[in-house]
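*Asks:* Please find the sequence and the predicted model below.
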Amino acid sequence: MAIETSERAGNLADTLDQMIGSENVLKEHSERDYISRDLSYLPYELADIVARPGNTEELAAVVQKAVAEGYAVVPRGGGMSYTLGYTPERKNTVSIDFSRMDKIVEINTEDMYVIVEVGCTWKDLYETLKKHNVRTPYYGPLSGMYATVGGAVSQNSVYMGGGEFETAADSVIGLEVVLANGQILRTGSWVHRNSNPHFRHFGPNLSGIFTADTGAFGLKARVALKLITLPAVTETMSFAFDSLETMFSAQIELARYRIAAETYGFDPYYNAAFEKLGFEFKEGVTTLRDIATKGGLSLANLLKSLKVAAAGKKVLRDVQYSLHVTFNGHDEVMARAKLKLGREICLRHQGREIDNSIPIVFSTKPFDFAGTIILGHDGEIWLPIHGFVPLSKAIPLAQAVEKLFADNSELMEKHDIRTSYLTCLSGTDFLIEPSFYWYDEIQKFRLDRVSPANQERWKDRKPNLEARKVALDLRDQLRDVFFDFGASHLQIGRYYKYREAIENEPFWTLLETLKSNLDPDNLINPGSLGLDTNR
């Protein structure tokens with residue numbers, strides 16, 4: 001193994017070897033590069049060391065030692081983000097890989113909370129909780145097979161359960177955080193000497209400081225999340241629309257009634273992707289048993305299973321825009337009442353009902369399709385940008401995005417750059433996520449998350465620096481469009497213009513004061529949230 005670290009980093013690595021075991025301290029260049037880069041193709045520094053602590057105490061010891069030696073410390077979860085939220089921004093950085101801190105510590109179905117280490121994936125958490133007939137209100141992003149609880153809480157995240165219960169941060173009731181000096185801080189009722197983490201607002205809501213902070217204020221070690229009983233009945237529907245505006249109008253009305261657990265809006269590119277990679281007959285057959293047994297071996301569930309298996313690739317054929325919706329209820333009356341209203345809404349907005357195999361499969365196997373989004377359906381690089389806007393701005397923002405695409409259509413055609421939309425609801429907030437696709441060299445991280453057959457097909461793609469530059473520039477222009485519409489963002493990291501967006505100076509002063517007090521040397525994920533890295 002080729003070790004390529006400085007003498008100073010080598011000395012720190014030797015110390016960390018003694019603290020957490022040499023097998024948990026990565027020094028080889030390729031290992032450090034794998035952990036240091038995100039999905040964005042934007043510049044990053046290479047971490048000097050990657051440390052993999054196994055529990056809160058080891059994490060605290062590593063952070064304390066690294067900071068004392070003048071090293072920046074950057075937390076890294078599942079690696080699925082694309083806004084420089086966990087990439088080193090300077091030399092002399094230790095990256096913390098949380099993959100060993102993946103335990104579910106406590107499932108309390110009496111007081112309805114779960115304590116989980118931050119390296120646990122959303123898929124593992126969901127499948128474990130399901131055995132106890134519970135889940136978290138928000139229960140994971142589409143990438144939940146790989147995305148971790150800590151990453152989603154730090155970056156914030158939306159999708160599964162988001163229509164009813166909003167974002168990952170909204171399900172948090174307590175946190176255990178390691179500060180720059182190695183101290184371990186807890187929040188909510190978790191701080192009470194005679195209590196447990198059942199309540200978030202025990203005095204000031206300090207949990208909120210550490211959610212969506214992209215790791216700027218401390219490194220989360222364990223998270224306490226609310227629990228709810230699994231819905232007894234799930235109903236789904238899918239509708240086709242001939243325009244973006246009509247699909248958005250239906251989603252907006254659904255949001256105002258707040259009846260949908262999830263809503264996914266797809267554009268022609270996403271529809272084609274699912275036609276090409278999605279629900280083939282053999283895949284439907286593998287899903288049969290899960291769907292049939294989810295609510296018992298009922299005739300209705302068996303019919304649903306057969307429907308999915310028979311749908312093949314015909315689900316989205318000749319569909320421009322498609323909307324896929326899930327409704328939950330504690331009984332059939334509740335779920336079907338929501339379904340009835342949802343249908344009426346979509347019909348009012350010129351939708352036509354189509355086969356609902358996609359939301360059936362998504363609600364049954366919610367995390368099994370991460371490989372279909374991390375690359376395009378022909379192995380193109382996928383790079384999104386997103387923004388939350390109030391319902392009144394959703395259609396005007398979409399029209400502005402469409403105009404930017406139209407104005408640059410010749411340039412994109414020249415470099416074979418394509419675009420897509422994914423839309424969803426977070427309560428009564430509207431999320432729009434346009435994505436760019438182009439042919440380019442594929443990082444190992446992405447290849448590791450697609451099928452072996454596709455790995456073989458796509459592994460030798462050559463760098464395409466011209467197309468990459470155009471795509472990244474257009475993405476920056478889209479960021480400015482979102483900014484002009486006042487959009488809010490998840491995973492702010494170092495990419496979105498957070499500081500420029502803040503007009504209220506007392507707010508920014510408070511933010512900087514918190515950073516100065518919690519991290520006086522600015523060594524915990526420096527640069528995240530746009531906080532000054534050189535003060």
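*Replies:* Yep, it's here.

*Asks:* Which parts of stretch 478-489 count as buried, going by neighbours?
*Replies:* 478, 479, 481, 482, 485, 487, 488, 489 (16 or more other C-beta atoms under 10 Å). All C-beta atoms are positioned from the backbone trio N, CA, C, and that covers glycine.

*Asks:* For those residues, give me JSON lines that also has pLDDT and distance to residue 495.
*Replies:* Formatted as JSON lines, these follow (pLDDT from 0 to 100; distance: C-beta to C-beta, whole Å):
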{"residue": "478", "pLDDT": "97", "distance to residue 495": "12"}
{"residue": "479", "pLDDT": "97", "distance to residue 495": "7"}
{"residue": "481", "pLDDT": "97", "distance to residue 495": "15"}
{"residue": "482", "pLDDT": "97", "distance to residue 495": "11"}
{"residue": "485", "pLDDT": "97", "distance to residue 495": "17"}
{"residue": "487", "pLDDT": "97", "distance to residue 495": "13"}
{"residue": "488", "pLDDT": "96", "distance to residue 495": "14"}
{"residue": "489", "pLDDT": "96", "distance to residue 495": "9"}
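
*Asks:* can you name the two of those that are farthest apart?
*Replies:* 478 and 488 (15.1 Å; C-beta to C-beta).

*Asks:* Give the phi and psi angles for residue 241, as a check.
*Replies:* The phi/psi pair for residue 241 (degrees, to the nearest 10) reads phi -130, psi 150.

*Asks:* Revised request: answer the last question for residue 490.
*Replies:* phi -90, psi 180.

*Asks:* Check which helix or strand the closest residue to residue 356 other than its chain neighbours maps to.
*Replies:* The spatially closest residue to residue 356, leaving aside those adjacent along the chain, is residue 238, at 4.2 Å (C-beta to C-beta, 6 or more residues apart in numbering). Assigned by DSSP states H and E, residue 238 falls within strand 233-241.

*Asks:* That strand pairs with which strands, parallel or anti?
*Replies:* Here strand 233-241 has these sheet partners by DSSP bridges: strand 321-329 (antiparallel), strand 352-354 (antiparallel).

*Asks:* what would those look like in JSON lines with mean pLDDT?
*Replies:* Below are the strands paired with strand 233-241 laid out as JSON lines (pLDDT from 0 to 100):
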{"stretch": "strand 321-329", "mean pLDDT": "94"}
{"stretch": "strand 352-354", "mean pLDDT": "89"}
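
*Asks:* Out of these, which is the most enclosed?
*Replies:* strand 321-329 (a mean of 25; mean count of other C-beta atoms under 10 Å).

*Asks:* Pick the one among the buried residues of stretch 478-489 closest to residue 19.
*Replies:* Once C-beta to C-beta is applied, the member of the buried residues of stretch 478-489 that ends up nearest residue 19 is residue 489, at 36.2 Å.

*Asks:* Excluding sequence neighbours, find me the nearest residue to that closest one.
*Replies:* Nearest non-adjacent residue to residue 489 (C-beta to C-beta, 6+ apart): residue 496, at 4.6 Å.

*Asks:* Please report how far the one you found lies from residue 504.
*Replies:* Distance of residue 496 to residue 504, given as C-beta to C-beta, to the nearest Å: 17 Å.

*Asks:* Settle it for me: which of those two has more neighbours?
*Replies:* Comparing residue 496 with residue 504 by other C-beta atoms under 10 Å, the one with more neighbours is residue 496, at 25 against 8.

*Asks:* Pretty sure that one sits against residue 83.
*Replies:* Yes: the pair residue 496 / residue 83 is scored as a contact, 6.5 Å apart, by C-beta atoms under 8 Å.

*Asks:* what do these two both touch?
*Replies:* Each of residue 489 lies in contact with both residue 496 and residue 83 under the rule C-beta atoms under 8 Å, 6 or more residues apart in numbering.

*Asks:* quick one on the thing from earlier: which member of the buried residues of stretch 478-489 is positioned nearest residue 119?
*Replies:* Looking across the buried residues of stretch 478-489 and measuring by C-beta to C-beta, the closest to residue 119 is residue 489, at 24.2 Å.

*Asks:* residues contacting the closest one?
*Replies:* Counted by C-beta under 8 Å, 6+ apart, residue 489 has contacts 83, 386, 387, 388, 482, 496, 498.

*Asks:* Now with 10 Å, please.
*Replies:* Residues in contact with residue 489 (C-beta atoms under 10 Å, 6 or more residues apart in numbering) are 83, 155-156, 212, 385-388, 431, 479, 482-483, 495-498, 501.

*Asks:* Taking those residues, please make a PyMOL selection of just the buried ones.
*Replies:* To isolate the buried ones among the contacts of residue 489 in PyMOL, judged by 16+ other C-beta under 10 Å, type:
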select buried, resi 83+155+156+212+385+386+387+388+431+479+482+495+496+498
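
*Asks:* Which of the contacts of residue 489 fall within strands?
*Replies:* Among the contacts of residue 489, the members found in strands (DSSP state E) are 387, 388, 431.

*Asks:* follow-up on the earlier one: could you dump the buried residues of stretch 478-489 into TSV with distance to residue 67 added?
*Replies:* Supplementary listing: these in TSV, determined by distance: C-beta to C-beta, whole Å:
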residue	distance to residue 67
478	37
479	32
481	39
482	35
485	39
487	34
488	31
489	28
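
*Asks:* Which one of the residues you listed is nearest to residue 380?
*Replies:* residue 478 (17.4 Å).

*Asks:* How about the closest one: what's its closest non-neighbour residue?
*Replies:* Leaving aside its sequence neighbours, residue 478 is closest to residue 385 (5.1 Å, by C-beta to C-beta, 6+ apart).

*Asks:* gap between that neighbour and residue 21?
*Replies:* Applying C-beta to C-beta to residue 385 and residue 21 gives a distance of 40 Å.

*Asks:* Could you do residue 149 as well?
*Replies:* Residue 149 is 24 Å from residue 21, by C-beta to C-beta.

*Asks:* between those two, who's got more neighbours?
*Replies:* residue 149 (33 against 14).

*Asks:* OK, contacts around the more buried one?
*Replies:* Going by C-beta under 10 Å, 6+ apart, the list of residues near residue 149 reads 77-78, 98, 102, 104, 114, 116-122, 124-125, 136, 140, 157, 168, 171-172, 220, 222-223, 225.

*Asks:* cutoff 7 Å now
*Replies:* Taking C-beta atoms under 7 Å, 6 or more residues apart in numbering, we find residue 149 in contact with 116, 118, 120, 122, 125, 223.

*Asks:* One more: residue 514?
*Replies:* With C-beta under 7 Å, 6+ apart, residue 514 has these contacts: 209, 217.

*Asks:* go on, residue 336?
*Replies:* residue 235.

*Asks:* ok, longest helix in the chain?
*Replies:* helix 465-484 (DSSP state H).

*Asks:* Now do that helix: which elements does it pack against?
*Replies:* Helices and strands touching helix 465-484, by 3 or more C-beta pairs under 7 Å, 6 or more residues apart in numbering; DSSP states H and E, are helix 394-407, strand 429-438.

*Asks:* in the stretch 151-300 of the chain, which spans are strands?
*Replies:* Secondary structure of the stretch 151-300 of the chain by DSSP state E, counting those that start in this stretch: the strands cover 172-178, 184-186, 219-226, 228-229, 233-241, 262-266.
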